[in-house]
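Engineer: next come a sequence and a model predicted from it.
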2 protein chains.
Amino acid sequence: MREFYLIEIAKGILKTKRDDIIVGLGEDDCAVVRVGNKNLVLTTDCLHEKTDFPVGIKPEEIGHLALAVNLSDLAGCGAKPLFFLYTITLTDRIDEEIFRRILKGMKDLADRYGVAIVGGDTDFGDELHISGFAIGEAERFVTQNGARIGDHVCLTGLLGKAQLSLEQLFSGFDRDKIAYPESLFKPEPRIREGMEIAKHANAMTDISDSLAVSLNLIAKKSCVGIEIYEELIPLDHLLSYVDSNDALELFLYAGGDYELVYTSKLCQHIKIGRVVEGKGVWLVKKDGSREKIEFRGYFHSPSQHSEHEKK
Amino acid sequence: MREFYLIEIAKGILKTKRDDIIVGLGEDDCAVVRVGNKNLVLTTDCLHEKTDFPVGIKPEEIGHLALAVNLSDLAGCGAKPLFFLYTITLTDRIDEEIFRRILKGMKDLADRYGVAIVGGDTDFGDELHISGFAIGEAERFVTQNGARIGDHVCLTGLLGKAQLSLEQLFSGFDRDKIAYPESLFKPEPRIREGMEIAKHANAMTDISDSLAVSLNLIAKKSCVGIEIYEELIPLDHLLSYVDSNDALELFLYAGGDYELVYTSKLCQHIKIGRVVEGKGVWLVKKDGSREKIEFRGYFHSPSQHSEHEKK
């Protein structure tokens, strides 16, 4: 059973039509609901020790990450974050000091973006696990389904850094020696960028799985095609560590960087492509040939790729 | 490390003062925040296979329970539930059919109370685990800290049924032979009662740990004493199964029934006591003697009691 397949099952069983639900279950990064005179933007995301915490991660970074992945979802809709709640499953390897440091990491990030942590539930089990639940608001929110032909396709930052660093870690590097420790252990949710972009973008999402997954979702939901131009793709930050083929693979198919990708008439960041008529996502090579960008992504040990491919 | 101790640590690290936070982290069953022209009531609760799902529970009941414990928190504040999000950790023992049935149980309960399930995250691990996040609204909400001297102390229903049934299950009874299977496997959150009671009650909370824990929280936070009268305590529903001492123990100290206890000038349900001057919670026996009701509760195998005592 694959995650995307399970989401479809859940949508089939749980979906509810109601006037106060603007974006419902499984339709986008977040749900958007109307309460009183506000659009509330809601999301939830959970992290597990074995699959989501890289070797050597510090307790503060675990807390940071648990909040960051949820804030990144809000950022992908252009929402302003307001409140956060969490549940945490502690193991007997987590002593009071580690627990305090996890919460401290969460609080530091929360403070930086004006997020109030208003609820939590602590329990015990065999694996450290944190579920987060974030609430934001957005007068104008942006989903994956509004891309228009002629829009620029833009990125808030460089990609491939988290996965490159993870692979270095797997190959035996110390955490001090990997290329981009901050991208791997302490990614910054693009909250401010998301709120700014939401003023003009037609489609937007955060890149948690991979650029390829995000672009395919935007193209499919917006009923458009997307062309990415190889000559516009910035790879210099990867080329000191891997060859150009591997760098392109990391850029397109690796996850974990939590940048935003958006389509708009206005590009305030890194322009990499354009929304076109047609279907699918295409890489236009320097020689003019076109290659399909598949719907797949990963952010784990290379040996685990197959588990995280999106079908 | 005990759960109540960990809540105090979390409060110390995470607490935020802000004008839009009316009831903050760890202060009550739910947080209450102001967004636009509404009071939003927020809560989160998680369940684990090993500690929270009794032997023989059906998948539909697992889904029901995950939502019910969260709705019960909202009921304890008198809130009207609006939205629900969940994260679920599946194991390799959960096939697609079981996953569907878990969601079906969640959806059936949600529909009965007009709750829209708008978000979910599915992941994999070694133990089945569900975290829930519920959002409600309340024009008038009730907390644990408003009890007034002279108030009646009232219960929405009978207590001890879930723990009695659980102990029967542990002692080898089939699930069809236990006294109150509905109380154990499919407790009903007192949503409608909570909303009705919120119109007049001064203090209220749901009884997830035990009546003793709930009353001690109300007494402490409201700076009052509470007297419970033995002659008013209904035990008939337990006396076919256990002797009167054990029945009283179950009624006062067992959890899992998810009834509401409230203090008010108006008692619409079962009256069991009165708010008085002083401190602490007291059982007034039929012979007029007084006995302290301790701050403890449990809802698990009798052998696990010590783990779940509240210190």
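Structural biologist: All right, it came through fine.
Engineer: which one's the longest helix in chain A?
Structural biologist: In terms of residue count, the longest helix belonging to chain A (DSSP state H) is helix A:59-77.
Engineer: mean confidence score for that one?
Structural biologist: Per-residue pLDDT values over helix A:59-77 give a mean of 98.
Engineer: in it, what counts as buried?
Structural biologist: A:59-77 (16 or more other C-beta atoms under 10 Å in any protein chain shown). In short, each C-beta sits where N, CA and C put it, glycine included.
Engineer: ok, then the element right after it?
Structural biologist: Proceeding N to C from helix A:59-77, the next assigned helix or strand is strand A:80-90, under DSSP states H and E.
Engineer: that following strand near chain B at all?
Structural biologist: Yes - judged by C-beta under 8 Å from any C-beta of the partner chain, strand A:80-90 comes into contact with chain B at A:82-83, A:85-87, A:89-90.
Engineer: tell me the residues of the stretch 201-311 of chain A that contact chain B?
Structural biologist: Checking the stretch 201-311 of chain A against chain B by C-beta under 8 Å from any C-beta, there are no hits.
Engineer: quick one: low-confidence residue ranges for the stretch 201-311 of chain A.
Structural biologist: A:300-311 (pLDDT under 70).
Engineer: so which of the buried residues of helix A:59-77 reach chain B?
Structural biologist: Answer for the buried residues of helix A:59-77 near chain B: none qualify (C-beta under 8 Å from any C-beta).
Engineer: so what touches stretch A:105-115?
Structural biologist: Where contact means C-beta atoms under 8 Å, 6 or more residues apart in numbering or on different chains, the residues beyond stretch A:105-115 that reach it are A:58-64, A:66-68, A:71, A:81-84, A:86, A:116-117, A:134, A:189, A:191, B:13-14, B:16.
Engineer: how is chain A divided into domains?
Structural biologist: The record's domain split for chain A, according to automatic domain parsing, is A:3-137, A:152-301.
Engineer: quick one on the thing from earlier: just want the angle from the longest helix of chain A to strand A:80-90.
Structural biologist: Here the directions of helix A:59-77 and strand A:80-90 differ by 140 degrees (axes from the mean of the first three to the mean of the last three C-alpha atoms, to 10 degrees).
Engineer: packing partners of helix A:59-77?
Structural biologist: strand A:38-48, strand A:80-90, helix A:96-112, strand A:129-137, helix A:191-197, strand A:203-206 (3 or more C-beta pairs under 8 Å, 6 or more residues apart in numbering or on different chains; DSSP states H and E).
Engineer: residues contacting the residue nearest to the spatial centre of chain A?
Structural biologist: The centroid of chain A falls nearest to residue A:208 when counting by C-alpha atoms, centre = their mean (2.6 Å). By C-beta under 8 Å, 6+ apart, the contact list for residue A:208 reads A:69, A:72-73, A:255-256, A:258, A:299.
Engineer: let me see the mean pLDDT of stretch A:110-129.
Structural biologist: Across stretch A:110-129, the average pLDDT comes to 95.
Engineer: now that stretch: buried residues?
Structural biologist: A:110, A:113, A:115-125, A:127-129.
Engineer: CA atoms only for that stretch - export them in PDB, please.
Structural biologist: Extracted C-alpha coordinates of stretch A:110-129, given in PDB (Å, rounded to 0.1, in the frame of the first residue of the first chain):
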ATOM      1  CA  ALA A 110       7.400  29.100  16.800                       C
ATOM      2  CA  ASP A 111       8.600  32.400  18.200                       C
ATOM      3  CA  ARG A 112      10.400  33.400  15.000                       C
ATOM      4  CA  TYR A 113       7.100  33.200  13.100                       C
ATOM      5  CA  GLY A 114       4.600  34.300  15.700                       C
ATOM      6  CA  VAL A 115       3.200  30.900  16.200                       C
ATOM      7  CA  ALA A 116       1.600  30.100  19.600                       C
ATOM      8  CA  ILE A 117       1.800  26.500  20.700                       C
ATOM      9  CA  VAL A 118      -1.500  26.000  22.500                       C
ATOM     10  CA  GLY A 119      -1.900  22.300  22.900                       C
ATOM     11  CA  GLY A 120       0.000  19.000  23.300                       C
ATOM     12  CA  ASP A 121      -0.400  15.400  24.300                       C
ATOM     13  CA  THR A 122       2.400  13.300  25.600                       C
ATOM     14  CA  ASP A 123       2.400   9.500  25.500                       C
ATOM     15  CA  PHE A 124       4.800   6.600  25.500                       C
ATOM     16  CA  GLY A 125       5.700   3.900  23.000                       C
ATOM     17  CA  ASP A 126       8.600   2.100  21.200                       C
ATOM     18  CA  GLU A 127       9.400   4.800  18.700                       C
ATOM     19  CA  LEU A 128       9.800   8.600  19.000                       C
ATOM     20  CA  HIS A 129       7.000  10.100  17.000                       C
END
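Engineer: rewinding a little: what's the closest of the helices and strands packed on helix A:59-77 to residue B:46?
Structural biologist: Among the helices and strands packed on helix A:59-77, strand A:80-90 comes nearest to residue B:46, with 3.9 Å by C-beta to C-beta.
Engineer: which stretches of the stretch 201-311 of chain A form helices?
Structural biologist: A:211-222, A:236-239, A:244-253, A:305-308 (DSSP state H, counting those that start in this stretch).
Engineer: the longest one to helix A:244-253, inter-axis angle?
Structural biologist: Regarding helix A:211-222 and helix A:244-253, their directions subtend 40 degrees when assessed with the same axes, to 10 degrees.
Engineer: what helices or strands is helix A:211-222 leaning on?
Structural biologist: Judged by 3+ C-beta pairs under 8 Å, 6+ apart, helix A:211-222 is in contact with strand A:203-206, strand A:225-229, helix A:244-253, strand A:260-264, strand A:280-284.
Engineer: what's the closest of these to residue B:267?
Structural biologist: Once the helices and strands packed on helix A:211-222 are compared by C-beta to C-beta, strand A:203-206 is nearest, at 51.6 Å.
Engineer: elements contacting that closest one?
Structural biologist: Counting contacts by 3+ C-beta pairs under 8 Å, 6+ apart, strand A:203-206 is packed against helix A:59-77, helix A:191-197, helix A:211-222, strand A:260-264.
Engineer: since that was my last question, I'll sign off now.
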